[in-house]
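Undergrad: here is my input, please return the structure:
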Amino acid sequence: MPKPLSIRSRLLFAACALTLSAPALAGANPAAEAQTLDLLKHAIAFRTVQGPGNQTPQFAAYLKQALVAGGFAPEDVTITPVDDTAFLVARYRGSDPKLKPLLLSGHMDVVEAKPADWERDPFTPVIENGYIFGRGATDMKIDDALMVATLIDLKRQHFTPKRDVVLVLSGDEETIMKTTQMLAAQFPDAYMVLNGDGGGGSLGEDGKPQYFMLEGAEKAYGDYTLTITNPGGHSSAPRRENAIYQLSAALAKIGAYQFTPQLNEITKAYFIAAADRADPRIAGAMRAFAKDPADKQAIAALTADSSEVGHIGTTCVATMVAGGHALNALPQRATANINCRIFPGTSFKQVEDELVRVANEPGMQIHFVDTGTTASPPSPMRADVTAAVREGLDVAYKGVPIIPSMSSGASDSMWFRVRGVPSYGVAPIFIKDSDDFSHGLNERAQLFNIAPGVAYWKILIKRLSN
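TA: Numbers count the residues shown, from 1 in each chain. As a prediction, the model looks like this:
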C-alpha cells in the first residue's frame, strides 16, 4: 500500500521542467494495460476483509486462474489456506535454479469498509473522471493487478529471467500478518524483496510529479496497555488514590517525554536529499540533524514539525483511554493504550522499560499487545535497486527526485528484513495529497498510473532478475 508520505506537505516542486508524461504511454503495453484494469476491477469486487465472509481465498483463486491462463504452469501457482484467509505463491522459473529468487511482494486483504459510510459501494468498482473508486484501489489492489499483469505480459513475450521471480501475496497484512510470517519462513534465502506495498510517488495538486520515495526501512509498530487498579468505593468519600488521576498523571509524563533521537543510513540519506527541496524554514534543521543527531536546535525544530518528528526516533502517543464503572463510584480501574512507532534497532522491551520509567507510577501495570509485528533492521540502499528504479521512473517521470525513506510501518517487508532478506518499497503509484484515502472513505486511484506502472515493473523485474 503506498503508505502516507510524511514530507509531501514540506517538499517544494524542484524540477519545473518535469511534465507528467504518463498519458503518452497509453498503449505501450496494450495487453498488459488492459489486463491490469480488468484485474483491478475484479479485485475490488472481492470483499477481502478479515472475519465472516472473507473472500481472500476466492480472490487468490481468481488470480491463479489468470496466471495459469497467462502461461504459468498450474503447479507453479499455489494457494495455501490459513484460518479464514490464504496466501498465494506464483513462481516464474528462471534459467538458473541455483540462484536465489527475486520476490515480488504484496497483500490481497484490505481494511473494513462499511457501505453506509461511502458515497459509492466500496466493493463495487466505479470509474469516474479518470479515477477508479473502491476499497483497495490504492491499498493495494492496483499494485497486485500491475504485478500479475506484468508477469503475464513477460510470459507472453517469452522472457526468461536468470533467477526465479516469485510473486508472494499475503492474506492478512492489514491484521495479524500470520500469512506473511509463513511466506518469510518459506523464502529465508531470497535474493531480495520488491514490495509493491511501500514507497511511491507524490504529485502536486497541479498533477505534476514532485518526488519518489524508495523505502528501505520501517519503524516497528507497538501497542502498550497501561492499567491502574484501585479498590474503588463510594464517590461521596473520595480518596487520594484514584485510578483515573493516577493514570492521567502517568499519561501527562509520557506525553511530555521525548525518546532519544536516532539516525541511521536511510534517514540520514533522507534528510540530506529532502533538505534540498524542503521549505527553507525546516531545511537547515534537516541538514543539521543529518550531521549531528544530538543537535538540540535541529531536534527542537524537527520535533515541532508533525511531518518530520517521526523520522528522528521512536514516538509514543496515547490513542485510547477508559476508566471507571459507575457515575457514583470511585474508579476501580483505568486503562490507556499507548501506540509507539519504534525506530529500527530499538526493541519492544526497551520501549516498555522506558515507558515504565517515565510514568514513574508504582501502581501501574504495563502489557505489550502482540499485534503480529516485529522490529526489523533497515535494508542497505543498493546501487542496483536505485538504478533500476531510476530507469523505471524515467519512462514517464524523467528526472523526478528519488528520496530514500523509512516508513512509520507496518508492511510485510519487516518479516523478510528480520530474516536478513533486503526489502524495498517500490510502488510506482503517484498520487496527490488530496487523493490519499488509503484505509479511509472513498478510496481511489488515478488510472493514468497503469501504463507507466506496467513499464516500470517490467524494467525492475528484468534488471533485478538478471
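
Undergrad: could you dump stretch 286-302 to PDB, C-alpha only?
TA: Taking Å, rounded to 0.1, in the frame of the first residue of the first chain, the C-alpha atoms of stretch 286-302 are listed here in PDB:
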ATOM      1  CA  MET A 286      17.300  18.600   8.400                       C
ATOM      2  CA  ARG A 287      20.900  19.100   7.300                       C
ATOM      3  CA  ALA A 288      22.000  19.800  10.900                       C
ATOM      4  CA  PHE A 289      20.300  16.700  12.200                       C
ATOM      5  CA  ALA A 290      21.900  14.600   9.500                       C
ATOM      6  CA  LYS A 291      25.300  15.900  10.500                       C
ATOM      7  CA  ASP A 292      24.700  15.600  14.300                       C
ATOM      8  CA  PRO A 293      21.600  13.800  15.700                       C
ATOM      9  CA  ALA A 294      22.300  15.400  19.100                       C
ATOM     10  CA  ASP A 295      21.900  18.900  17.800                       C
ATOM     11  CA  LYS A 296      19.300  20.400  20.200                       C
ATOM     12  CA  GLN A 297      18.100  23.200  17.900                       C
ATOM     13  CA  ALA A 298      17.600  20.800  15.000                       C
ATOM     14  CA  ILE A 299      15.800  18.300  17.300                       C
ATOM     15  CA  ALA A 300      13.500  21.100  18.500                       C
ATOM     16  CA  ALA A 301      12.700  22.300  15.000                       C
ATOM     17  CA  LEU A 302      12.000  18.700  13.700                       C
END
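
Undergrad: just give the number of residues close to Arg444.
TA: 22 (other C-beta atoms under 10 Å). For glycine as for every other residue, the C-beta is placed from the backbone atoms N, C-alpha and C.

Undergrad: what's across from it in the sheet?
TA: Phe133 (DSSP bridges).

Undergrad: from Ala149, how far off is it?
TA: Going from Arg444 to Ala149 by C-beta to C-beta, to the nearest Å gives 20 Å.

Undergrad: and for Ala300?
TA: Taken as C-beta to C-beta, the span from Ala300 to Ala149 is 48 Å.

Undergrad: with neighbour numbers in mind, choose between those two.
TA: Using other C-beta under 10 Å as the criterion, Ala300 and Ala149 rank with Ala149 on top: 27 against 12.

Undergrad: a strand runs through the more buried one, doesn't it?
TA: No: counting by DSSP: H, G, I helix; E, B strand; the rest coil, Ala149 is not part of a strand but helix.

Undergrad: from Tyr245, how far off is it?
TA: Counting by C-beta to C-beta, the gap from Ala149 to Tyr245 is 59 Å.

Undergrad: residues in contact with the nearest residue to Leu327 once chain neighbours are set aside?
TA: Nearest residue to Leu327 in three dimensions, chain neighbours excluded: Ser235, at 7.9 Å (C-beta to C-beta, 6 or more residues apart in numbering). By C-beta atoms under 8 Å, 6 or more residues apart in numbering, the residues touching Ser235 are Leu327, Asn328, Ala329, Leu330.

Undergrad: could you list which of those belong to strands?
TA: Mapping these onto strands (DSSP state E) picks out Ala329, Leu330.

Undergrad: my read: Lys86 touches Leu63, true?
TA: Wrong residue type there; residue 86 is Ala, not Lys. No: the criterion here is C-beta atoms under 8 Å, and Ala86 misses it with Leu63 at 10.6 Å.

Undergrad: shaky segments in the stretch 1-150 of the chain?
TA: Applying pLDDT under 70 to the stretch 1-150 of the chain picks out residues 1-27.

Undergrad: and the strands in it?
TA: 77-82, 85-92, 102-107, 126-128, 131-133 (DSSP state E, counting those that start in this stretch).

Undergrad: right, so of these, which gets closest to Val309?
TA: Nearest of the strands of the stretch 1-150 of the chain to Val309, taken as C-beta to C-beta: strand 102-107 at 27.7 Å.

Undergrad: identify the residues contacting that closest one?
TA: 1, 140, 143-144, 147, 151, 161, 163-174, 180, 187, 190-197, 412-413, 416, 421, 423, 461, 464-465.

Undergrad: one step back: the strands of the stretch 1-150 of the chain: which one's closest to Ser434?
TA: strand 131-133 (11.7 Å).

Undergrad: pull the distance from that closest one to the chain's centre.
TA: Remark: strand 131-133 is offset 21 Å from the chain centroid, using C-alpha atoms, centre = their mean, to the nearest Å.

Undergrad: from the contact counts, what lies against it?
TA: helix 30-45, strand 126-128, strand 444-446 (3 or more C-beta pairs under 8 Å, 6 or more residues apart in numbering; DSSP states H and E).

Undergrad: now the second one: buried residues?
TA: Under the neighbour-count criterion of 16 or more other C-beta atoms under 10 Å, strand 126-128 has Val126 buried.

Undergrad: now do the longest one
TA: Residues of helix 30-45 classed as buried by neighbour count (16+ other C-beta under 10 Å): Ala32, Glu33, Gln35, Thr36, Leu37, Leu39, Leu40, Lys41, His42, Ala43, Ile44, Ala45.

Undergrad: quick one: mean pLDDT for stretch 385-393?
TA: The average pLDDT for stretch 385-393 rounds to 97.

Undergrad: could you export it as PDB, CA atoms only?
TA: Extracted in PDB, the C-alpha atoms of stretch 385-393 (Å, rounded to 0.1, in the frame of the first residue of the first chain):
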ATOM      1  CA  VAL A 385      18.000  -1.200  -6.900                       C
ATOM      2  CA  THR A 386      18.200   2.600  -7.100                       C
ATOM      3  CA  ALA A 387      19.400   2.300 -10.700                       C
ATOM      4  CA  ALA A 388      16.500   0.000 -11.700                       C
ATOM      5  CA  VAL A 389      14.000   2.300 -10.000                       C
ATOM      6  CA  ARG A 390      15.600   5.300 -11.800                       C
ATOM      7  CA  GLU A 391      15.300   3.600 -15.200                       C
ATOM      8  CA  GLY A 392      11.800   2.500 -14.500                       C
ATOM      9  CA  LEU A 393      10.700   6.000 -13.400                       C
END
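
Undergrad: for Gly94, what are its contacts?
TA: Pro101, Thr160, Pro161, Lys162, Arg163, Asp164, Val165, Ser465.

Undergrad: need the helices for the stretch 201-350 of the chain, in chain order.
TA: For the stretch 201-350 of the chain, helices defined by DSSP state H, counting those that start in this stretch occupy the ranges 243-255, 265-275, 280-291, 296-303, 348-359.

Undergrad: any chance of these in CSV, plus distance to Thr371 and mean pLDDT?
TA: As requested, the helices of the stretch 201-350 of the chain are exported to CSV (distance: least, C-beta to C-beta, whole Å; pLDDT from 0 to 100):
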stretch, distance to Thr371, mean pLDDT
helix 243-255, 19, 98
helix 265-275, 23, 91
helix 280-291, 30, 94
helix 296-303, 26, 96
helix 348-359, 11, 97
